[in-house]
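S.K.: Below: sequence and its predicted model.
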Amino acid sequence: MGFLSAFASWLGMKKKDVNVVVLGLDNSGKTTIITKLKPAEARTQDIVPTVGFNVEKFQTKALAFTAFDMSGQGRYRNLWEHYYRECHGVIFVIDSSDKLRMMVAKDELTLMLENADIKMKRIPILFFANKMDVRDSLSSVKCSNMLELEKIRDKPWHICNSNALTGEGLEEGINWLTDQVKDILTQKKK
Amino acid sequence: DDKWLEAHYDPVSSLYTFTQCITMSDINADGDHKLIIADLGTGSYDMKLKVYKGTSLMTENAIIDLPTGVVTFYMDTNEPHTPAIAVASGPFIYVYKNLRPYFKFTLPTLSVNPVEQDLWDQVKEDRIDVMSLREMLDGLRCEGATLTVRSMRFLQLQSHDLEPFASLHKHAPLKRQTVITCLATMKKSMAEEDAISCLILGTESSHIYVLDPEAFTVLATMDLPSVPVFMSVSGLFDVEFRIVVACRNGGIYNFKRGVKEGKTVFELNSQPVGLERLGKNIIVGCMDRTLQCYTSKGKKLWSVAVPADITTIQMMDHQQKGFKAILVALANSEVHIYRDKYLCNVMKTPDVITGMKFGRFGREEASLIMTTKGGGLVIRILKRTAKFEEKDISAGPPSSQNQKLNVPKKTKLFVDQTMRERENAVSMHRQFQHDLYRLRLETARNYVKALDRSMNPISTNPQEPLKLAAQVQGLGPIFKLTVNLQNTSMTVPSLDLIITFQYDNTLYKFNKSIIQTPMLVPGLNYSFEALVECLSDKGISDTVKVFVLKKNRSVPIIAAIINMPISEAMVVV
């Protein structure tokens, strides 16, 4: 970390800008999570199904994130791949209460991992097993089993339970993502 | 499978149901479509209305009689705008709102046969005994009168049960009711997705009723020549509508607004197992393993044979992709997807599918719900990236077969020949037969000659069963002649045999003219060799005969003729 703080001061204390793309099926809670990550005064009250995508900015201790909050509806999912090239990380949100569509989420995840822009890049993927508060929701371990996350070997990934309504579990995930993105940026600099 | 995702498979969900008893609807108005299944239970009791949220069972309601159809419809415009569930069962429609029983509609009663009515009246006044009642009712039935359920049940009873049955039921008024065979909905005056709909019922008494969704009164009654089994409804009741009905007699009938009697569209060769309407076309699955398509005017457009019995058919309408097709479930545990008459996908299923529904389930637009013969529930979701080929994937004649060949014109010679063949057919046939007999005669003669001279390579003498094979090796002027001899008997060895040769001694010279054979053990192959020198250098050849002789007998047992090859000239180096 000594190097990193030196690196930050060399940048003139300016936080590094990074892009993340937020993916997941419709109604999994992407927009709710991103809204929760923004400072309280910037939040919008009503969450409606996203059309196309939204661009949101939020900051953590070390990085300034620009999040491309993609719409999860079937007809907009083909937009996702256009944002893979520029991204430093992926946030994939899973509705852990929707067992029926776990296979759909897995299919979309597979399509993403096979995309040429993602396949060759070593970018961190953060999974949120969202809606942990719903009765009968699946645990993060169960989710990662069903999505066969253990098969992702060439990219760092992390899964954590979350409840986007209260913000529970979000911090843990975002901290992990910040560390990973920082690591990768440092390695590139070297 | 590259087109479908297996979202859920429960082989033991203990569901016994059919296509007509499955539907999906947003019954809580929360954007999450629930799966509603009327379960036939064991087929005689334990009937239930089951509602699934996602993959888990949300509620269960008991149904009293076997369900024949389930639909959801909007019966009012109250907020929250939730649809009601209608279950057809026996002569009743049970309507559920918010998953609670709300209303029970009973089909209008039919007129009772006056004789039957009179008989039961007499029972009430104890003027008739049960045995003669049974006789009279049986007589009525034999005359072809349709009896009430009570009389039918009475006729089924054993004689000692008749008295208690009659005394139990005689005071209740006699009613003749029919049962509902199929159920559908039709929008009343607005075409919106969530507009108020009427219920359309088909009954065993060959009627179709249209019910008002608010007051549950009969808005219209239509008559059919047979019992309706499948219905396809389109249009608005207050404006204009079409009801296409498949009946148990194999006829397809069409109703328009204001028409009382169904118009025959066409008659099928076989009984229908499913009816769907795709645009203006009517698609019917039949018991003779065909899927047939007709226009609304009754003109047959196409018919395709499927490899197994059809269990059910279902329309697949994927609005997002603008893709419409017919799903055909077969008895060989496959689901075939036909787009027009082209097979574009074959799906294997773990069991025979008896019921299926395609539509929005949960939040997924393209879900296919299937129930199996063994009571399983299969849920598959069409992949976002799935593409169906336009072309037929089923094997058939290659397209090149349809190309027209460039056949040359008939020549004069060909025409003349054809004419001659036509005129002289009898004599040609006679000539052919004549030649055939001559050929056979010639063959037989030569055979006899060969037998006489023992010129055949297999011995016909039963005492000396032998087989002879001879061959010549070499280029010349010296050849090697190899004679193979085999005793073909099972047990008897051959003794005292001699091999000798007959040849032109000006042309050939043998190094030995006689070969004494040892005892020939049955089954073994013996080979003997002799060297032959060709004496001529003129490039001529002759035949050499090989004889196998028995001592003290002049007629050879077997013989072989060898055509000697032409000798190469001696090269002196």
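M.R.: Right, received. Where do you want to start? Residues are numbered from 1 along each chain as shown, chains lettered A, B, ... in the order given.

S.K.: for chain A, what are the nearby residues on the stretch 201-350 of chain B?
M.R.: Residues of the stretch 201-350 of chain B lying close to chain A (CB under 8 Å from any CB of the partner chain) are B:Q320. Any C-beta I mention is one placed from the backbone N, CA and C, and that applies to glycine too.

S.K.: Strands of the stretch 201-350 of chain B, start to end?
M.R.: In order along the chain, the stretch 201-350 of chain B carries the following strands (DSSP state E, counting those that start in this stretch): B:207-211, B:218-223, B:228-236, B:240-247, B:251-256, B:263-267, B:272-278, B:281-286, B:290-295, B:300-305, B:310-318, B:323-330, B:334-339, B:342-348.

S.K.: Dump those strands into a markdown table; add mean pLDDT, distance to A:W157 and mean neighbour count as well.
M.R.: As requested, the strands of the stretch 201-350 of chain B are exported to a markdown table (pLDDT from 0 to 100; distance: least, CB to CB, whole Å; neighbours: other CB atoms under 10 Å in any protein chain shown):
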| stretch | mean pLDDT | distance to A:W157 | mean neighbour count |
| --- | --- | --- | --- |
| strand B:207-211 | 92 | 56 | 21 |
| strand B:218-223 | 91 | 61 | 16 |
| strand B:228-236 | 93 | 50 | 20 |
| strand B:240-247 | 92 | 54 | 22 |
| strand B:251-256 | 91 | 58 | 20 |
| strand B:263-267 | 87 | 60 | 14 |
| strand B:272-278 | 92 | 46 | 21 |
| strand B:281-286 | 93 | 48 | 23 |
| strand B:290-295 | 92 | 48 | 20 |
| strand B:300-305 | 90 | 48 | 13 |
| strand B:310-318 | 92 | 33 | 21 |
| strand B:323-330 | 92 | 35 | 22 |
| strand B:334-339 | 91 | 36 | 22 |
| strand B:342-348 | 88 | 33 | 17 |
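
S.K.: pretty sure B:Y9 is touching B:I369, no?
M.R.: No - under the criterion of CB atoms under 8 Å, B:Y9 is not in contact with B:I369, lying 11.6 Å apart.

S.K.: Could you report the neighbour count for the closest residue to chain A within the stretch 251-400 of chain B?
M.R.: Nearest residue of the stretch 251-400 of chain B to chain A: B:G362, at 5.0 Å (CB to the nearest CB). Neighbour count for B:G362, taken as other CB atoms under 10 Å in any protein chain shown: 25.

S.K.: Identify the residues contacting the nearest residue to it once chain neighbours are set aside.
M.R.: Of all residues beyond its chain neighbours, the one nearest B:G362 is A:L100 (5.0 Å), with distances taken as CB to CB, 6 or more residues apart in numbering or on different chains. Residues in contact with A:L100, defined by CB atoms under 8 Å, 6 or more residues apart in numbering or on different chains, are B:7-8, B:54-55, B:361-362, B:364, B:379, B:381.

S.K.: and A:L100, which of the three is it?
M.R.: Three states are possible here, and by DSSP: H, G, I helix; E, B strand; the rest coil the one that applies to A:L100 is coil.

S.K.: Could you report the distance from it to B:L377?
M.R.: According to CB to CB, to the nearest Å, A:L100 stands 12 Å off from B:L377.

S.K.: between those two, what contacts are shared?
M.R.: The contact sets of A:L100 and B:L377 overlap at B:H8 (CB under 8 Å, 6+ apart).

S.K.: So which elements touch the lengthiest helix in chain A?
M.R.: With DSSP state H setting the assignment, residue counts place helix A:170-189 as the longest helix in chain A. Judged by 3 or more CB pairs under 8 Å, 6 or more residues apart in numbering or on different chains; DSSP states H and E, helix A:170-189 is in contact with helix A:2-10, strand A:16-24, helix A:30-37, strand A:63-70, strand A:89-95, strand A:125-130, strand A:157-161.

S.K.: cutoff 6 Å now
M.R.: Judged by 3 or more CB pairs under 6 Å, 6 or more residues apart in numbering or on different chains; DSSP states H and E, the packing partners of helix A:170-189 are strand A:125-130, strand A:157-161.
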